[in-house]
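> quick one: sequence plus predicted model below, questions after.
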Amino acid sequence: GENVEQHPSTLSVQEGDSAVIKCTYSDSASNYFPWYKQELGKGPQLIIDIRSNVGEKKDQRIAVTLNKTAKHFSLHITETQPEDSAVYFCAASMNFGNEKLTFGTGTRLTIIP
Amino acid sequence: GAVVSQHPSWVICKSGTSVKIECRSLDFQATTMFWYRQFPKQSLMLMATSNEGSKATYEQGVEKDKFLINHASLTLSTLTVTSAHPEDSSFYICSARETGGNAGYTFGSGTRLTVV
């Protein structure tokens, strides 16, 4: 089955700087890659996603890049703010909408004011 | 946007009793819903895939007789933890995606189960 690795496990960034979180996946058949933000005691919230026919996607301060050849994708957060502090999970799915998501191990992001 | 409502948000039960958790898609229909379990400071682990009108598909190592899943309608799936034990204490989260739609998976707010 699919295996998703995520790095780093913790990340501290000065407010205003950029944060980058990286994930690799094992199954080349995976074609959907979402990123979730989870705050303490809450369910994950989708912040951005990308499908395998696209190499990059951006939504305001958040961007995701996908390298299908290398089987890795990354989350980029620019101009970080204190409210960006949370745990971030990447995930992969082999058939968007019909297949389960396999999650990475999570990154605890702390924004230092 | 799509909303998934999960209840209760927290529950405390005595060891040996059963607890039911509900997951509802409020503004869309979902043929398939997913149930996850998350231990403190860990990732989400898929427990089972809930299919409307048919039996759930359980992940390896998840006891289907202990974690009963019912998906009786296109907007409701329930997870019942039977004969709960302290080791079942965890954060349970459901997710769903609109059938035939183009949106991503939406997650519920989670249920914190504590078995005493």
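Here it is on my side, so go on. Numbers count the residues shown, from 1 in each chain, chains lettered A, B, ... in the order given.

> burial count for residue B:6?
Neighbours of residue B:6 under the rule other Cβ atoms under 10 Å in any protein chain shown: 21. No exception for glycine: its C-beta is placed from N, CA and C like everyone else's.

> hey, what's residue A:22 bridged with?
residue A:7, residue A:74 (DSSP bridges).

> so residue A:17 versus chain B, what's the distance?
For residue A:17, the distance to chain B equals 25 Å [Cβ to the nearest Cβ, to the nearest Å].

> now do the same for that residue: helix, strand or coil?
Here residue A:17 is coil, with the state taken from DSSP: H, G, I helix; E, B strand; the rest coil.

> which ones are touching the residue nearest to it when sequence neighbours are not counted?
Spatially, and ignoring its direct neighbours in sequence, residue A:17 is nearest to residue A:80 (5.9 Å; Cβ to Cβ, 6 or more residues apart in numbering or on different chains). Listed by Cβ atoms under 8 Å, 6 or more residues apart in numbering or on different chains, the contact partners of residue A:80 are A:13-19, A:61, A:111.

> and chain A, which of its residues are near chain B?
A:34, A:36, A:41-46, A:49, A:89, A:97-98, A:100-106 (Cβ under 8 Å from any Cβ of the partner chain).

> which residues does the residue in chain B that chain A sits nearest to bridge with?
For chain B and chain A, the shortest gap (Cβ to the nearest Cβ) falls at residue B:107, measuring 4.0 Å. On the basis of DSSP bridges, residue B:107 is bridged to residue B:95.

> these two touch, right, it and residue B:94?
Yes: using Cβ atoms under 8 Å, residue B:107 is in contact with residue B:94, at 7.2 Å.

> picking up where we left off before, buried subset of the residues of chain A next to chain B?
Restricting the residues of chain A next to chain B to buried positions leaves A:34, A:36, A:42-44, A:46, A:49, A:89, A:97, A:100-104, A:106, with burial counted as 16 or more other Cβ atoms under 10 Å in any protein chain shown.

> tell me the secondary structure for the residue of chain A found nearest chain B?
In chain A, no residue comes nearer to chain B than residue A:43, which is 4.0 Å away by Cβ to the nearest Cβ. Three-state assignment for residue A:43 (three-state DSSP): coil.

> grab the nearest non-local neighbour of it.
Nearest to residue A:43 is residue B:107, by Cβ to Cβ, 6+ apart, at 4.0 Å.

> run a quick neighbour tally on that neighbour.
There are 24 residues near residue B:107, going by other Cβ under 10 Å.

> what's the answer for residue A:72, then?
The burial count for residue A:72: 16, using other Cβ under 10 Å.

> quick one: pLDDT of it?
Per-residue pLDDT puts residue A:72 at 95.

> cool, and residue A:97?
Listed pLDDT for residue A:97 reads 58.

> isn't the residue of chain A closest to chain B up against residue B:5?
No: between residue A:43 and residue B:5 there is no contact under Cβ under 8 Å: 10.7 Å.

> before we move on, the earlier item: and the residue of chain B closest to chain A, how far from residue A:110?
Residue B:107 sits 23 Å away from residue A:110, going by Cβ to Cβ, to the nearest Å.

> ok, residue B:109 next?
On the measure of Cβ to Cβ, residue B:109 and residue A:110 end up 23 Å apart.

> repeat for residue A:63
In terms of Cβ to Cβ, residue A:63 sits 20 Å off from residue A:110.

> over to residue B:56?
Relative to residue A:110, and taking Cβ to Cβ, residue B:56 is found at 38 Å.
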